[in-house]
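Colleague: Give me a model of this one.
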Amino acid sequence: MGKKHIALFSSILLLSPIAGGFTAQAATLEELQQQKDALQLETNTIQSQIEEKSNSLNTLESEKANLETKVNELQSQLDELMGRLAAQEEKLAAIQSKILELQAEIEALQVVIDQRTEKLNTQARYIQTDAGVTNIASILLSSENFSDLVGKITVVSKIVTANKDIVEQQEADQQKVEDSKVAVEEEKLSAEALKQEILISKNNVVAQKAEIDVQIAQVIENYELTEAEKNGLESTKADLAAQTESISNDMAAEQARITAEAVAAAEAEAAAIAAAEAAAAAAANNLTASVSQTTSTPSYSVNSSGFLRPASGYISSPFGNRVSPFGGSIEFHRGVDIAGSGAISAAQSGTVETATYHASYGYYVVINHGTINGVNVKTLYAHMQPGLLVAPGQTVSQGQQVGVMGTTGSSTGVHLHFEVQENGAVVNPVNYIGG
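Modeller: Numbering: from 1, shown residues only. Reported below is the predicted structural model:
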């Protein structure tokens, strides 16, 4: 083929409307490729998120298994404590039975003591009324001789000695009664104290179980949420794959259309120049195919109230409206926070109403102080460490330790959340314990 013919064909090709068509088509392919690249990038991101969710689900499964193991361990402890409590109840019942038996013995012994007392009183009245100095003189005067006198005096001495023995036995029996009462009462107090310790231990185990139940519920909730998120990501990934496949099909169809148009255009231009120049037309067709391939290659872009302060430390968050430490929104703070460490003590004497675990309060205690100045007053102590020192129904004195400052529940650090309630409504605790 002559160089003149090739140049002529090239000029016609570049100046014809077909050339502009190639540019538009290439731009369309480039847009499709960019969309495909964007979908692939999003698919990769989704896949990474799916793997993260899978890892999270495995972690949550492990946490749930560990928590269930702890629940089983706590249940074993609870069963043991219930056994000990039942044994202690039997011991108390035996002591009560022993007390009843001892009471019967005391009553019988009291009858004997009363009889002895009456006998001694009768003898005393007789001596005071009938056995005066005259009778003693009569004993002396009626004696026939000295030997008879000695004999009578000996009889009187024996009577006096017998009465003395009765008095001593009387005193010994009375002391025995008192000693028996004290011994049984001490044993009863000891058994009741042990029972109270077991009840406190049982209550703490139940509270710990409640805490783990809350954690298990949170794990299950997180698991279900994570699984739902993973399923959503899988669905999104499937949609992206379908879109990517659709764009790939569109790109293939577009490429086929461009190729077909290029071939048709080359054939038409070759026929218009000269049908006789077959060799030149063939060369021009090859050149057109080459140009089409080059043109269609896309570019890619890539006090004073009588209450004690329940803990040492300073008030880190007052009563009333405040900025929430969780999220930063405005919230109403139901009590005061005392930041510090160490023992938590009852601000006033009262009866323990609640001693357990709560998702927000953590380990907490509520004490009912009864009616004060015409209103029912209760105090609440929250976020304590596991291992509360009191149980519901227990009477506590002012200053008695109920727990240790901690950071359980919804807490950002070690502190005591302290509330005061009057007839069920919270009031500013500063009015009771000072600032």
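
Colleague: tell me the mean pLDDT for the helix or strand A266 falls within?
Modeller: Secondary structure from DSSP states H and E places A266 in helix 146-273. For helix 146-273, mean pLDDT rounds to 81.

Colleague: Kindly spell out which helices and strands sit in contact with it.
Modeller: Helices and strands touching helix 146-273, by 3 or more Cβ pairs under 8 Å, 6 or more residues apart in numbering; DSSP states H and E, are helix 3-15, helix 17-129, helix 133-142, helix 278-295, strand 350-358, strand 362-372. In this view, the C-beta of every residue, glycine as well, is placed from N, C-alpha and C.

Colleague: quick one, helices of the stretch 301-435 of the chain?
Modeller: Using DSSP state H, counting those that start in this stretch, the helices found in the stretch 301-435 of the chain span residues 430-433.

Colleague: which residues touch the residue lying closest to I216 once chain neighbours are set aside?
Modeller: Of all residues not flanking I216 in the chain, L67 sits nearest, at 4.9 Å (Cβ to Cβ, 6 or more residues apart in numbering). Listed by Cβ atoms under 8 Å, 6 or more residues apart in numbering, the contact partners of L67 are 212, 215-216, 219.

Colleague: nearest to E42, of those?
Modeller: V219 (30.5 Å; Cβ to Cβ).

Colleague: Next, count neighbours for the closest one.
Modeller: 20 (other Cβ atoms under 10 Å).

Colleague: got it, and the one 4 residues further on?
Modeller: The burial metric for Y223, expressed as a neighbour count using other Cβ under 10 Å, is 17.

Colleague: Same check on N66?
Modeller: 14.

Colleague: re earlier: out of the contacts of L67, the closest to T28 would be?
Modeller: Of the contacts of L67, the one sitting nearest to T28 (Cβ to Cβ) turns out to be V219, at 51.5 Å.

Colleague: Tell me the pLDDT of S301.
Modeller: 30.

Colleague: cool, T288 as well?
Modeller: pLDDT for T288: 38.

Colleague: Quick check, R334 in contact with V426.
Modeller: Yes. R334 lies in contact with V426 (Cβ atoms under 8 Å); the separation is 4.7 Å.

Colleague: what is in contact with the two at once?
Modeller: 319, 419.

Colleague: mind checking how far H415 is from K378?
Modeller: 20 Å (Cβ to Cβ, to the nearest Å).

Colleague: Looking at those two, which is more packed in?
Modeller: Using other Cβ under 10 Å as the criterion, H415 and K378 rank with H415 on top: 24 against 20.

Colleague: roughly how far apart are the more buried one and E30?
Modeller: 62 Å.

Colleague: Tell me the confidence at the nearest residue to I367 once chain neighbours are set aside?
Modeller: Among residues not flanking I367 along the chain, G350 sits closest, at 4.4 Å (Cβ to Cβ, 6+ apart). For G350, the model assigns a pLDDT of 98.

Colleague: Isn't G350 up against V396?
Modeller: Yes. Using Cβ under 8 Å, G350 is in contact with V396, at 6.4 Å.

Colleague: residues bridging contact with the two, i.e. touching both?
Modeller: Joint contacts of G350 and V396 (Cβ under 8 Å, 6+ apart) are I367.

Colleague: Can you spell out the domain ranges of this structure, please?
Modeller: 1-302, 314-433 (automatic domain parsing).

Colleague: I'd like those domains laid out as JSON lines, including distance to L308.
Modeller: Converted to JSON lines, the domains of the chain look like this (distance: least, Cβ to Cβ, whole Å):
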{"stretch": "domain 1-302", "distance to L308": "22"}
{"stretch": "domain 314-433", "distance to L308": "5"}
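
Colleague: Of the ones you listed, which stretch is the most buried?
Modeller: domain 314-433 (a mean of 17; mean count of other Cβ atoms under 10 Å).

Colleague: Check the offset of that domain from the chain's centre.
Modeller: With Cα atoms, centre = their mean, to the nearest Å as the basis, domain 314-433 stands 16 Å off its chain's centre.

Colleague: same thing with stretch 79-91?
Modeller: Offset of stretch 79-91 from its chain centre (Cα atoms, centre = their mean): 26 Å.

Colleague: Identify the residues contacting that stretch?
Modeller: Here stretch 79-91 has contacts from 191, 194-195, 198-199, 201-202, 205, using Cβ under 8 Å, 6+ apart.

Colleague: do that again at 7 Å, thanks
Modeller: 191, 194-195, 198, 201-202, 205 (Cβ atoms under 7 Å, 6 or more residues apart in numbering).

Colleague: got the contact list for the residue nearest to K70 when sequence neighbours are not counted?
Modeller: With Cβ to Cβ, 6+ apart as the criterion, K70 has its nearest non-adjacent residue at 5.3 Å, and that residue is I212. Residues near I212 by Cβ under 7 Å, 6+ apart: 67, 70-71, 74.

Colleague: Specify which member of those residues is nearest to L100.
Modeller: Using Cβ to Cβ, those come closest to L100 at L74, 38.3 Å.

Colleague: For the contacts of I212, give me CSV that also has distance to D173.
Modeller: Shown next, in CSV, are the contacts of I212 (distance: Cβ to Cβ, whole Å):
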residue, distance to D173
L67, 63
K70, 59
V71, 58
L74, 53
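
Colleague: if I look at L194, how far off is Q88?
Modeller: From L194 to Q88 the distance is 6 Å (Cβ to Cβ).

Colleague: pLDDT value on I338, please?
Modeller: 98.

Colleague: Please disregard the earlier target; I meant L32.
Modeller: L32 is given a pLDDT of 83.

Colleague: Make residue 1 into 159 and carry on from there
Modeller: All set: I'll call the first residue 159, so the last point we hit is now L190.

Colleague: and the closest residue to it other than its chain neighbours, what is it in contact with?
Modeller: Nearest residue to L190, sequence neighbours excluded (Cβ to Cβ, 6+ apart): M409, at 4.8 Å. Counting by Cβ under 7 Å, 6+ apart, M409 touches 187, 190-191.

Colleague: quick one: which of the residues you listed is nearest to A420?
Modeller: L187 (13.0 Å).

Colleague: so what's V363 up against?
Modeller: Applying Cβ under 7 Å, 6+ apart to V363 gives the contacts 232, 235-236, 239.
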